[in-house]
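In: What follows is a predicted structure for the sequence shown.
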Amino acid sequence: MASHVPDFFYKEALRLRYVARSAFKLVEIQEKHRILKPGAAILDLGCAPGAWLQVACQNLGTRDQGGVVVGVDTKKINVPGDHTDHRVKAIAADVMKIKPETLAAMTPEVKITYNVILSDMCPSVSGIGFKDATLSAELGSRALELALGFHPDDERDSTKKVNGLLVPSGSLVIKLLEGEESQGFPDYCNKYFRSVSWLRPKASRSTSREIYLIAKGRNRCQT
């Protein structure tokens, strides 16, 4: 017996030619928060199988408006043929080890870096709640580190200029597994973003503990 009975979002993904039902999670995030803009530079961490690449590209506007979507995943994936164009790139790499300079070099103008960073990364679930939530928090912390330029556990040296990959006024989306380990993320992000909120997308399975942190409007002054 199949582990999951095909549901509305699964069927809609097939009908609309998305590679996975997870596309509708980003669709809902976009409908509620409008973080994806025409011509933007978007970084998608944990991009396999490519559904978020599709949705991100759909929101770039026309080709002459420019923009780029860069996907990173430990799995090598082919960019889906539907809903994408030449502005979408995907590389196989370990997000925990990849250098920020490598990711910055994939934007049209290195000095601009990214308007939006999406992290749909999730650890291999073991079924042990605390362990899974801890690993998820580590992935979320890495997304923050890439965005801000320093790790949440590090004491910030106020004399050192740190940019990170996310532009001022940019937005960050992080998937986390609910648990004690995820509770500190909103308070931390409130120091660096104008607006921070949680969202549990309708497309998330009822048995899933996943929840998305939406941090909008990175502050220009990082103190």
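Out: Yep, it's here. Numbering: from 1, shown residues only.
In: Sticking with Leu135, tell me its helix or strand.
Out: helix 129-148 (DSSP states H and E).
In: Let me see the ranges of the helices in this protein.
Out: Taking DSSP state H as the test, the helices found in the chain are 8-16, 23-33, 51-58, 100-104, 129-148, 185-190.
In: Check which helices and strands the fifth one sits against.
Out: Taking 3 or more C-beta pairs under 8 Å, 6 or more residues apart in numbering; DSSP states H and E as contact, the helices and strands that helix 129-148 lies on are strand 41-45, strand 114-119, strand 166-177, helix 185-190, strand 210-218. All C-beta spots, glycine's among them, are computed from the backbone N, C-alpha and C.
In: hang on, the earlier thing: go through the helices of the chain and name the closest to Ser171.
Out: With C-beta to C-beta, the closest approach to Ser171 among the helices of the chain belongs to helix 23-33: 7.4 Å.
In: Please point out which parts of that closest one sit buried.
Out: Buried residues in helix 23-33, defined by neighbour count with 16 or more other C-beta atoms under 10 Å: 23-30, 33.
In: in this structure, which residue is closest to the centre?
Out: Leu118 (1.5 Å; C-alpha atoms, centre = their mean).
In: so it sits right up against Trp52, yeah?
Out: Yes - using C-beta atoms under 8 Å, Leu118 is in contact with Trp52, at 6.0 Å.
In: just to revisit the earlier point, and the helix holding Leu135, C-alpha only, in CSV?
Out: Only the C-alpha atoms of helix 129-148 are listed here, as CSV (Å, rounded to 0.1, in the frame of the first residue of the first chain):
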residue,chain,number,x,y,z
GLY,A,129,11.8,14.1,17.3
PHE,A,130,14.6,15.9,19.2
LYS,A,131,17.3,14.7,16.8
ASP,A,132,15.4,15.7,13.7
ALA,A,133,14.5,19.1,15.1
THR,A,134,18.1,19.7,16.1
LEU,A,135,19.4,18.8,12.6
SER,A,136,16.7,21.0,11.1
ALA,A,137,17.8,23.9,13.3
GLU,A,138,21.4,23.5,12.1
LEU,A,139,20.3,23.7,8.5
GLY,A,140,18.2,26.8,9.3
SER,A,141,21.2,28.4,11.1
ARG,A,142,23.3,27.8,8.0
ALA,A,143,20.7,29.6,5.9
LEU,A,144,20.9,32.5,8.3
GLU,A,145,24.7,32.5,8.2
LEU,A,146,24.7,32.7,4.4
ALA,A,147,22.1,35.5,4.5
LEU,A,148,23.7,37.7,7.2
